[in-house]
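Novice: how does the following fold in three dimensions:
(one chain, ligands or ions: 3)
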Amino acid sequence: MDFTASSANLLNIKADSLILMTGSQLQNSAKALDESLDGAISSLLKAGDFSGKASESTVMHIPGADGKRIILLGIDGAETAQQQIKVIKAGAAALLRTPAKKAVWVGEGLAEDNEWQAGIIARSIQAASYKYMPLPKRAAKKSPAQKLKSLTYWVPRKADNKAANAGLKYGAAVGNGMNAARQLGNLPANICTPNYLSDQAKALAKGQAKVTTTVLSEAQMAKLKMGSLLSVSAGSDEPGKLIVIKYQGRKQGAKPVVLVGKAVTFDTGGISLKPGGGMDEMKYDMCGGASVIGVINALIETQMPINVVAIIPAVENMPNGNATKPGDVVTSMSGQTIEVLNTDAEGRLILCDALTYADRFKPDTVIDIATLTGAVIGALGKETAGLLSNNDELAEGLLSSGLRSGDRAWRLPLYEEYDALLKSNFADIANIGGPQAGTITAACFLARFTKKYKWAHLDVAGTAWVSGAQKGSTGRPVPILMDYLRSKAK
Ligand code: BES
Ligand code: MN
Ligand code: ZN
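Specialist: Ligands and ions are numbered 1, 2, ... in the order given. Below is the predicted model:
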């Protein structure tokens, strides 16, 4: 897909389709177009075929212009960023339902900020174009041919071209990063193993001057005394991996943001076996790691000037004869001992060693991303990610990135009274905190390992994929992470 901004005369841009955002009152370019079409748009409004309400869309053909179409996209009532993003997503979906090859999106009427709006448009078109590719053999090839080849984002003023182009480039990269994460998430666990993720991470670095990937084996992790992480992969025939991807967009010296992504390629629960119903969805328990890979993808595409280290602990949680048992005590890399009361609370067991390892990169900030608790779905549903942090400025930065990108999070507290629930009689800490406030006690567990740096945790168990007829990975939280990194890179 080709994205460019232009301020040329709207009717002179070569395209087969034009997306026009308008409410019931025609303004500026909508009015001008209506006049040049002898009132065709206003008569649709008058007849009630199109109301201008937010996200409504109607396709109309321009008489005598061989199949040229205008997609009217309603905007009335879309005031917040979230509502405007919804409108743009509806517009992208409407556009891709047509056989459009070359389209113009009139960047007027909805949001004031052209860079932001162009970014959301490019991202939404890329995301709407995603198709699952069933096998890794085919995934290695190019995605299936896309009908839509190019999109021109039209701005009324020439002076806005530069910002719009920057937005398009950024948004397309975010969309592609989301799609990369979705593809990994949707692959079944018999293909997408820790080893497969390692290979994908190595492939990312190929030919990229700014990127290096290293993968630690179980033997190397044992040398580092990652007893907690290894206690999770112990019950699986698939060897665990610690994937480290460095993206160096700035000169040496500059402290990196470290992103730690949980990648349990399948979570059976281990000896604390999960019930059978819907267990297939536990192939998505690597979506944290996949989102971090998606972010690195997008950083490469934008060549963003920032240093980022991605750490992905990748394991399968299975109950074989070597599996960790409830009550086993393991020693983490930090030296803290952990009583494993429930082997299904495995995410925190792999993250804690990865978070200890993060310290060697002298991080500016560490953000971990994990499908960590079912409880976050009880608290926030499928709309909003859980955010917990030991630093207010970082938490606020992420919350505003969530609002700007439409990939929202909500903060929960890390009060010491919750931490007290992790008391163990046989180790420094237990890996579960009882039936209440599960998202918070999970984060309190992680907080014991993140005292040396500014840290935030995103629990994306509700947002990383959708269930039911539309079952599939969403590519979240790539947008919020990219927005946060972009604001730091500026
Ligand atoms: N991967 C799950 C969390 C999860 C559950 C995500 C359902 C999405 C849907 C995690 O490893 C887990 O099993 N957590 C347990 C923790 C409990 C044993 C303290 C949970 O949430 O039930
Ligand atoms: Mn689990
Ligand atoms: Zn899990």
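Novice: every contact and neighbour count from this point should use C-alpha atoms.
Specialist: Fine.
Novice: which residues of the stretch 301-450 of the chain lie near ligand 1?
Specialist: Residues of the stretch 301-450 of the chain that fall close to ligand 1, judged by Cα under 6 Å from any ligand atom: 342, 344, 345, 346, 347, 371, 372, 373, 374, 375, 432.
Novice: go with 5 Å
Specialist: Contact residues, the stretch 301-450 of the chain versus ligand 1 (Cα under 5 Å from any ligand atom): 344, 345, 372, 373, 374.
Novice: how many other residues sit next to the residue nearest to the first one when sequence neighbours are not counted?
Specialist: Spelled out, that is residue 344. Nearest non-adjacent residue to residue 344, counting by Cα to Cα, 6 or more residues apart in numbering: residue 269, 4.0 Å away. The number of residues packed near residue 269 is 21, by other Cα atoms under 10 Å.
Novice: and residue 135, by the same measure?
Specialist: With other Cα under 10 Å as criterion, residue 135 counts 11.
Novice: quick one: it from ligand 1, how far?
Specialist: Residue 135 sits 24 Å away from ligand 1, going by Cα to the nearest ligand atom, to the nearest Å.
Novice: which residues of the stretch 51-200 of the chain score low on pLDDT?
Specialist: Residues of the stretch 51-200 of the chain meeting the criterion pLDDT under 70: 136-144.
Novice: related to what we said a few turns ago, distance of the residue nearest to residue 344 from ligand 1?
Specialist: Residue 269 sits 6 Å away from ligand 1, going by Cα to the nearest ligand atom.
Novice: now the residues of the stretch 301-450 of the chain next to ligand 1 in a markdown table, with neighbour count and pLDDT?
Specialist: Shown next, in a markdown table, are those (neighbours: other Cα atoms under 10 Å; pLDDT from 0 to 100):
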| residue | neighbour count | pLDDT |
| --- | --- | --- |
| 344 | 24 | 99 |
| 345 | 20 | 99 |
| 372 | 26 | 99 |
| 373 | 23 | 99 |
| 374 | 15 | 98 |
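Novice: can you redo the residues you listed as TSV with distance to residue 132 and secondary structure?
Specialist: Converted to TSV, these look like this (distance: Cα to Cα, whole Å; DSSP: H, G, I helix; E, B strand; the rest coil):
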residue	distance to residue 132	secondary structure
344	29	coil
345	30	coil
372	25	coil
373	26	coil
374	26	coil
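Novice: got the residues of the chain near ligand 2?
Specialist: Proximity of the chain to ligand 2 is confined to 269, 344, 345 under the rule Cα under 5 Å from the ion.
Novice: ok, now with 6 Å
Specialist: Within the chain, the positions adjacent to ligand 2 are 267, 269, 344, 345, 346 by Cα under 6 Å from the ion.
Novice: what's the farthest-apart pair in those residues?
Specialist: By the measure Cα to Cα, 267 and 345 form the most distant pair in the residues of the chain next to ligand 2, at 9.8 Å.
Novice: tell me the secondary structure of residue 214, please.
Specialist: The three-state assignment at residue 214 reads strand, by DSSP: H, G, I helix; E, B strand; the rest coil.
Novice: from ligand 2, how far off is it?
Specialist: Going from residue 214 to ligand 2 by Cα to the ion, to the nearest Å gives 26 Å.
Novice: ok, now which ones touch that residue?
Specialist: Neighbour list for residue 214: 202, 243, 244, 245 [criterion: Cα atoms under 8 Å, 6 or more residues apart in numbering].
Novice: contact partners for the first one?
Specialist: Same thing as residue 202. 212, 213, 214.
Novice: what number of residues lie near the residue nearest to residue 6 when sequence neighbours are not counted?
Specialist: The spatial neighbour of residue 6 that comes closest, neighbours along the chain excluded (Cα to Cα, 6+ apart), is residue 154 at 5.0 Å. By other Cα under 10 Å, the residues close to residue 154 number 27.
Novice: now swap in residue 109 and tell me
Specialist: 18.
Novice: residue of the chain closest to ligand 2, please.
Specialist: residue 344 (3.6 Å; Cα to the ion).
Novice: can I get the residues of the stretch 301-450 of the chain next to ligand 1 in a markdown table including distance to residue 150?
Specialist: A markdown table is the format used below for these (distance: Cα to Cα, whole Å):
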| residue | distance to residue 150 |
| --- | --- |
| 344 | 47 |
| 345 | 46 |
| 372 | 39 |
| 373 | 41 |
| 374 | 41 |
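Novice: going by distance to residue 273, which of those wins?
Specialist: Nearest to residue 273 among those is residue 344, at 7.1 Å by Cα to Cα.
Novice: hang on, the earlier thing: contacting residues for the residue nearest to residue 344?
Specialist: So residue 269 contacts 317, 318, 319, 343, 344, 345, 346 (Cα under 8 Å, 6+ apart).
Novice: report the two of the residues you listed separated the most.
Specialist: Longest distance between any two of the contacts of residue 269 is 13.5 Å, between 319 and 345; criterion Cα to Cα.
Novice: just the contacts of residue 202 now: which is nearest residue 308?
Specialist: In terms of Cα to Cα, no member of the contacts of residue 202 lies closer to residue 308 than residue 212, at 11.1 Å.
Novice: what's the domain layout of this structure?
Specialist: 2-174, 187-489 (automatic domain parsing).
Novice: highest mean neighbour count out of the ones you listed?
Specialist: For the domains of the chain, average neighbour numbers computed from mean count of other Cα atoms under 10 Å are highest in domain 187-489, which has a mean of 21.
Novice: chain center to it: distance?
Specialist: Domain 187-489 has its C-alpha centroid displaced from the chain centroid by 13 Å (Cα atoms, centre = their mean, to the nearest Å).
Novice: then stretch 146-163?
Specialist: Computed by Cα atoms, centre = their mean, the chain-centroid distance of stretch 146-163 equals 25 Å.
Novice: next up, the contacts around residue 386.
Specialist: By Cα under 8 Å, 6+ apart, the neighbours of residue 386 are 376, 380, 409, 410, 411, 412, 439, 457, 458, 459, 460.
Novice: same thing with residue 44?
Specialist: Residue 44 touches residue 50, counting by Cα under 8 Å, 6+ apart.
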